[in-house]
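Undergrad: Mind folding the following:
(2 chains)
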Protein chains: 2
Amino acid sequence: MKTYGDLNPSPRTILTPGPVEVDPRVLRAMSFPILGQFDPEFTTLMNETMEMLRHLFQTHNQWAYPVDGTSRSGIEAVLTSVIEPGDKVLIPIYGRFGYLLWEIAERCGAEVVTIEKEWGRVFDSSEVIEAIDREKPDIVAIVHGETSTGRIQPLADIGAACRERDILIIVDAVATIGGVDVKTDEWMLDAVIGGTQKCLSVPSGMSPITYNDRVEKKVLRRKKIERGLRDQTPAPASMGRTVQSNYLDLSQLQDYWSPARLNHHTEATSMLYALREGLRIALQEGLEPRFQRHLLHERALVSGLEAMGLTFYGDASCKLPVVTCIEIPEGLDGESVRSMLLDAFGIEIASSFGPLKGRIWRIGTMGYSCSRKNVLHLLGALEAVLLRHQVDVRAGRALQAALDIYADKK
Amino acid sequence: MKTYGDLNPSPRTILTPGPVEVDPRVLRAMSFPILGQFDPEFTTLMNETMEMLRHLFQTHNQWAYPVDGTSRSGIEAVLTSVIEPGDKVLIPIYGRFGYLLWEIAERCGAEVVTIEKEWGRVFDSSEVIEAIDREKPDIVAIVHGETSTGRIQPLADIGAACRERDILIIVDAVATIGGVDVKTDEWMLDAVIGGTQKCLSVPSGMSPITYNDRVEKKVLRRKKIERGLRDQTPAPASMGRTVQSNYLDLSQLQDYWSPARLNHHTEATSMLYALREGLRIALQEGLEPRFQRHLLHERALVSGLEAMGLTFYGDASCKLPVVTCIEIPEGLDGESVRSMLLDAFGIEIASSFGPLKGRIWRIGTMGYSCSRKNVLHLLGALEAVLLRHQVDVRAGRALQAALDIYADKK
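TA: As a prediction, the model looks like this:
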């Protein structure tokens, strides 16, 4: 049989819009021996994780816990638990991940109506509110930060409008949580899904979510207890239609995360250790200083790229601070540049999807990856690689511009 | 704000039927810095993991890869991708996890028919085959090793009968994979789901699955490509009904695991590192020696418990080698014994579910936890704790009996 070598990954500077470098403290947390899932020490760690998630989501919601799966599992858990077949769901789309909401909502049996904005821009809140008043949906689902286009959608007015009309609003904040303000309660968002592998700098594999009692009420109407756990008592008459997933059924997940600890899945221990440590790091830094750090390094990166003479993609007024998109110069093979950055410099940046494939590069400055060292390393490397590809960049200026930003800061 | 302490879990000897202790080599693998999901180094690790999974499942199937979620996510991924609403699914049930298959299949819209065996026993193959001929299902779904009762269901004849009748058979081998023979191809199993946190000694959070071209054919009829990835080409006319989950849709997952690497989720990097290392360890030990090791320590454990005077639960002829169930002596508070084992000795054993709650203890001897050191440690501790609870056990005999087994071995 073929033999397989020791794990020995090359060191990488990861400046994609996720996954990004994992904080070494988080890596260390994952190397601790595990505890059993009902060990009182472990359930204490679960409870602490819930408390810290409430801070992260800026909410007083009772429910804030991770779903065991990648970010997409958290999105699907919320959508599939909330959407009953026939529910009308309005999805304003301004990039790839809006389409994902559509795909999932459709599979949940929703009657989906969409409004679309050309990629690179976001909606005026009034456009969304008009669509709400026209379509009268039961639910609005929307992306907060679109990594595919590098845009951020303001949500405060849309959230308030939904609350006023008694409509549920579900927000994909996978790309923004921990890097940009996500004010769950203040913006009146009913359910929010975060990601671990972006601004939290925890590996992919868990998806933190939060939801309020408006959502819980709907979920509980659909609750069903597993036969294998029901003892002799008969199944309660379910008032709503049972959620079509067992694994992603919030009514079961919240029982598992409640003091009752009703057995559902086996909690992913090492990932829970990782998430708990990632949250500790974020809260020790403080949310506001953390958001300011993301803005500072974005400013340095943008100044450097501008000084190099590169063109930014998209509407600057709604730029997502943690993702910077640049147009690939005409005639240049963007993948060749990405490969050389990876092979020679150990730096990874991303391309994009669908209509933007081959047209833009995307640079993420998220979490632990969002540092002066990384920004400067990338600017120097990108300049060299572009020169190597005979692109006419203004040599030597990018790093000076970035260093100016950092000097101003002091 | 409250502050949260450094992670500092107590050392535990985990002898439950999962999760069990994680191999230290696996813990170390998780502490390596991550790679991006499309980094060629990472996709190589993904491919190696697929190769090793084929060995583990004893199959030549093209598809063998992990689903990013706990074991239950793998079960649901297979069931939800294969079952179309209205499909007739036969589920022979002999413990809690058979009920879980029922729950999930029902949520997939299956017409479920069940046959049930009193807990503590398994089916004669002929009973299942008779039910197949009576019910003429499209699919049979069955558990290989029931941790709730500690029984193992022989599958070779049932698999052959299904193939002969062109029925798909889906097997939950979460508890057996890596500890007991699971002969996917020889037994003609169409899809098999394994677990990481049991006999592989990898943390919970991934579920390795395999399936053959009979399953793939059904899944591909239901394929749908996400709008956000479709470029300009229109959606292909889907021949089957779209899978109701996006996250757990095998047609999308296999595209992500194929050379096309069509973006779906962001692979859970650190868990993939863990699984790859767990597989390396299992294959370096060798499957057959590994199964023999599990049998040896089971024999020592059983001898010790017998010598102590405890009574085993269930039909001995179908005992699952990696889980040993004992009846809680009449009038004794089983939870008090479990607590004292944990608090004083750092050992965790399990109780059970539903009708067996409070009636039996379950001791797992799985993967890295399945060792002489652990078996001896448990027997000594259990004797002391039972004596402390005024249970009339034959003091001093258990360890001698176990040591006899180990001495014979030499």
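Undergrad: Close to chain B: what parts of the stretch 301-410 of chain A are there?
TA: Residues of the stretch 301-410 of chain A lying near chain B by Cβ under 8 Å from any Cβ of the partner chain: A:Leu342, A:Glu348, A:Phe353, A:Gly354, A:Pro355, A:Lys357. Using the backbone N, CA and C atoms, a C-beta is placed for each residue, glycine as well.
Undergrad: Can you classify A:Pro11 by secondary structure?
TA: Here A:Pro11 is recorded as coil under DSSP: H, G, I helix; E, B strand; the rest coil.
Undergrad: can I see the domain layout of chain A?
TA: What automatic domain parsing lists as the domains of chain A is A:23-283, A:286-409.
Undergrad: and among these, the most buried is which?
TA: Of all those, domain A:23-283 has the most neighbours on average by mean count of other Cβ atoms under 10 Å in any protein chain shown, namely a mean of 22.
Undergrad: quick check, distance from that domain to the centre of its chain.
TA: Centre-to-centre, domain A:23-283 and its host chain are 11 Å apart (Cα atoms, centre = their mean, to the nearest Å).
Undergrad: can you list the domains of chain A in JSON lines and add mean pLDDT and distance to B:Glu330?
TA: Converted to JSON lines, the domains of chain A look like this (pLDDT from 0 to 100; distance: least, Cβ to Cβ, whole Å):
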{"stretch": "domain A:23-283", "mean pLDDT": "95", "distance to B:Glu330": "21"}
{"stretch": "domain A:286-409", "mean pLDDT": "97", "distance to B:Glu330": "56"}
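Undergrad: now A:Thr114: how far from chain B?
TA: 10 Å (Cβ to the nearest Cβ, to the nearest Å).
Undergrad: Assess the claim that that residue and A:Trp102 are in contact.
TA: Yes: contact criterion Cβ atoms under 8 Å: A:Thr114 and A:Trp102 qualify, at 6.0 Å.
Undergrad: shared neighbours, these two?
TA: Applying Cβ atoms under 8 Å, 6 or more residues apart in numbering or on different chains, one finds that A:Thr114 and A:Trp102 are jointly contacted by A:Ile91, A:Ile93.
Undergrad: residue contacts, the nearest residue to A:Arg280 once chain neighbours are set aside?
TA: Distances taken as Cβ to Cβ, 6 or more residues apart in numbering or on different chains place B:Tyr4 nearest to A:Arg280, at 5.3 Å, with adjacent residues excluded. By Cβ under 8 Å, 6+ apart, the residues touching B:Tyr4 are A:Glu48, A:Met52, A:Arg276, A:Arg280, A:Leu283.
Undergrad: Same list (the domains of chain A) but as TSV, adding distance to B:Leu15.
TA: What follows is the domains of chain A, written out as TSV (distance: least, Cβ to Cβ, whole Å):
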stretch	distance to B:Leu15
domain A:23-283	10
domain A:286-409	37
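Undergrad: Pull up the distance across stretch A:181-198, start to finish.
TA: The first and final residues of stretch A:181-198 sit 14 Å from each other (Cα to Cα, to the nearest Å).
Undergrad: near chain B, anything from it?
TA: Yes: contact of stretch A:181-198 with chain B is found when judged by Cβ under 8 Å from any Cβ, involving A:Gln197.
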